[in-house]
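> sequence and predicted model, in that order:
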Amino acid sequence: VTVIGDAGIGRVKQVTAWHANINKASASSAKAYRARYPDAPEDLYYSSMRIGIGMLAAAMEKAGSADPAKVAPVLSNLRFSDDAGEVYMRADNHQLIQPLFISTLVKAGTEGAELDVERTGLGFRTDTRIEGADTSMSTTCKL
């Protein structure tokens, strides 16, 4: 984003599972990270880390164990609430199903883009939300 700068405004698009300007919860997570790490030049952008650890912890708690043989079946169809909405793990292949967002790079502080990306003054505004169920295709993979 820094290299592209203002030339990317309105032109750069992304498809992601998370960005800071989706809703109040995602903005709160982004602000909390910056408050905790004020000198970090980068943002904690990838929600997959938070979701993965959160789902693993929830499955271990539900299984009452850290034994992979006991935790893996609990992960099947486990539902987890995250900033962007519900995430669940498919039972047949343990793929995460979650909402996706198509967004456009804009000036931070404009409508729908309160926060910037990595202190560039530019942020992403959601154009479209695609529900996880709408991206889930049949699979032949079996665990």
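Structure's in. What do you need?
> any stretches of this structure with poor pLDDT?
Residue ranges of the chain with pLDDT under 70: 1-2, 142-143.
> now do the helices in it.
24-36, 47-63, 68-75 (DSSP state H).
> contacts for stretch 123-135?
13-14, 16, 19-22, 85-88, 97-108, 110-117 (C-beta atoms under 8 Å, 6 or more residues apart in numbering). In this view, the C-beta of every residue, glycine as well, is placed from N, C-alpha and C.
> about what we covered before: in TSV, list the helices of the chain along with distance to residue 4 and mean neighbour count.
Output for those, formatted as TSV (distance: least, C-beta to C-beta, whole Å; neighbours: other C-beta atoms under 10 Å):
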stretch	distance to residue 4	mean neighbour count
helix 24-36	20	14
helix 47-63	23	16
helix 68-75	38	15
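> now render these as a markdown table, adding distance to residue 6.
Below are the helices of the chain laid out as a markdown table (distance: least, C-beta to C-beta, whole Å):
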| stretch | distance to residue 6 |
| --- | --- |
| helix 24-36 | 22 |
| helix 47-63 | 27 |
| helix 68-75 | 44 |
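> isn't residue 107 right up against residue 8?
No. Using C-beta atoms under 8 Å, residue 107 is not in contact with residue 8, being 10.8 Å away.
> what do those two both touch?
Common contacts of residue 107 and residue 8 (C-beta under 8 Å, 6+ apart): residue 122.
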